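A.B. asks: okay, predicted coordinates and the sequence, questions at the end:
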Amino acid sequence: VFAAVQMAPRDPILGLNEQFNADPNPAKVNLGVGVYFDDNGKLPVLACVAAAEKQLLEASKPKGYLPIDGIAAYDKAVQGLVFGAGSEVLQAGRVATVQALGGTGGLKVGADLLKKLNPAARVLISDPSWENHRALFTNAGFEVSTYPYYDAATRGIRFDAMLAALKAAPAGTIVVLHACCHNPTGCDLTPAQWTEVVAACQAAGLVPFLDMAYQGFGEGIAEDGAVIGQFVASGLQFLVSTSFSKSFSLYGERVGALSVVCADRDETTRVLSQLKIVIRTNYSNPPTFGAQLVATVLTTPALRAQWEEELAGMRLRIRAMRAALVEKLAAAGVPGDLSYITRQKGMFSYSGLSAEQMQRLRSEFGVYGVDSGRICVAALNSKNIDAVAKAIAQVS
Ligand code: LMR
C-alpha cells in the first residue's frame, strides 16, 4: 500500500526549521517561521502566562474531556476580544465560536464546514498569501485561485485590481482576507480601503473568511480588530479565525478559535451543531491547558492589563528592529529607498529578494528566510542584526 508513495516536498515554512536545526553553522539565524524572539534570541514566556500557569498548576484540576467546542469561558473571552465585549452581534447571539488548534485549526474547521455547506464554491486568496492558505483550502477540497494584492513595483497594494477581482467573483466565493499584518507582505489595507472591500464582498455576495493571526502586532489590539467591526456593521455573514500562538507566545499549545457570524440566533445554533460534527470527526475535542491559560489571562483584569503591556512591548521591539534594519542595510551599502521596511506591519518584511538570493543567504551566511523573500523581523535582535544586514547586502 505504501510502495508507490512519492516523497512530498518539505513545508515551505516549517520545513526550514528542519533545515535550520540540521545546519552546523554556529552563526546561523532563523528568520523563517513567524515566531517572536526577545532581544536575547529567546522565545519569551510572558509574565501574565507564567502567573496564570502557576495558578492553574496549584489548582491541579482533573483532566477530563472538554466539550467538543472547547472551554465556554475561553470561547466567550475570544468573542470579547475579536468583536468587542459589548458588540451587538454578541448580544444578539449571532456568533458561533469554537476553540481550535491554533489559527490553522480555526481555518481548517471553517474550511471543512464551508465545503459541507457549499461544495462547489471557489476560494480566493491574496497574491501572495501565507503558503498554507492554498494548501489548506486545496486539501479541504476547494479549487483555490488568487486575487491581486501585492505590487512589487510600489511595494504597496494593487488595490484597484484587488477590488475589481472581488467584484467579478461569482456569488458564494469564499474570500480569504488577512485582518491585519498581512502574511507575507506586511502591507495592510487602510480603514477606508477596508470599507470598499466590505462593500465589494456585500455587492458580490462573497463569503469573507478573515484570518487574524497577529491581532495586536500591527497598531494595537483594538486598532487591528477594527476591521471586524466594519464587517459586522455591513450585516454580512463571515468567518474569523483567531490565533494566540504569537500574541501569547503559546505556539506549541495550539490555542486558537473559529468564529462564525450568522444571520440570527437560530442560524447560529444550527451552525454550531455542524461545527461540532467537523471537530468531532477530526480530533474529537480540543486540548485543555493552553486555552485555560488564555481564558485566565483574558478574564483576570490585572493579568489582562499585563498581557496588553507585554504585547505592546513585542510590537514596539519589532518596530525598533525595522528601523535598525533600514539603518544597517543602508550602512552595509544596500541602495535605494528602504522605508518600505518600516511601513510594513506585523512580524514580517517582504524583502523583494528572489528565491535564489534567499537560498544564498542560507547556504553562504546561515540566514534562513522563506523562498518568497519573507524574513521574520521579530527574530532579529541587537546581536544578530549586523550580520543579517551584511549578509543581505552581499546577496543584493
Ligand atoms: C508563519 O507564517 O511562519 C507562521 O504562521 C507559522 C506557520 O505555521 O507557518
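C.D. replies: Cool, got the structure.

A.B. asks: right, and Ser145 touches Ser126 too?
C.D. replies: No. Checked against C-beta atoms under 8 Å, the pair Ser145 and Ser126 is beyond contact range at 10.9 Å. Placement of C-beta: from N, CA and C, glycine included.

A.B. asks: tally of neighbours for Glu223?
C.D. replies: Neighbours of Glu223 under the rule other C-beta atoms under 10 Å: 13.

A.B. asks: and the stretch 101-250 of the chain, which residues reach the ligand?
C.D. replies: 130, 132, 183, 213 (C-beta under 6 Å from any ligand atom).

A.B. asks: now those as a markdown table including neighbour count and secondary structure?
C.D. replies: A markdown table is the format used below for these (neighbours: other C-beta atoms under 10 Å; DSSP: H, G, I helix; E, B strand; the rest coil):
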| residue | neighbour count | secondary structure |
| --- | --- | --- |
| Trp130 | 27 | coil |
| Asn132 | 19 | helix |
| Asn183 | 24 | coil |
| Ala213 | 27 | coil |
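
A.B. asks: quick revisit: who has more neighbours out of Ser145 and Ser126?
C.D. replies: Ser126 (25 against 14).

A.B. asks: ok, back up a step: what's the most distant pair in the residues of the stretch 101-250 of the chain next to the ligand?
C.D. replies: Maximum pairwise distance in these, criterion C-beta to C-beta, is 10.6 Å, between Asn132 and Ala213.

A.B. asks: which parts of this protein are strands?
C.D. replies: 29-30, 95-101, 122-127, 143-148, 150-151, 156-157, 174-178, 207-212, 238-243, 255-261, 348-350, 367-368, 374-376 (DSSP state E).

A.B. asks: what are the buried residues along the fourth one?
C.D. replies: Meaning strand 143-148. Neighbour counts over strand 143-148 (16 or more other C-beta atoms under 10 Å) mark 144, 146-148 as buried.

A.B. asks: export those residues to a markdown table and tack on pLDDT?
C.D. replies: As requested, these are exported to a markdown table (pLDDT from 0 to 100):
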| residue | pLDDT |
| --- | --- |
| Val144 | 98 |
| Thr146 | 98 |
| Tyr147 | 98 |
| Pro148 | 98 |
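
A.B. asks: helices of the stretch 101-250 of the chain, start to end?
C.D. replies: 102-117, 131-139, 159-168, 191-204, 221-234 (DSSP state H, counting those that start in this stretch).

A.B. asks: buried set for the first one?
C.D. replies: Residues 102-115 are the ones in helix 102-117 that count as buried (16+ other C-beta under 10 Å).

A.B. asks: for it, give the mean pLDDT please.
C.D. replies: Helix 102-117 shows a mean pLDDT of 98.

A.B. asks: show me what that helix is packed up against.
C.D. replies: Where contact means 3 or more C-beta pairs under 8 Å, 6 or more residues apart in numbering; DSSP states H and E, helix 102-117 is packed against strand 95-101, helix 131-139, strand 207-212, strand 238-243, strand 255-261, helix 265-282.

A.B. asks: I'm done for today, thanks for sticking with me.
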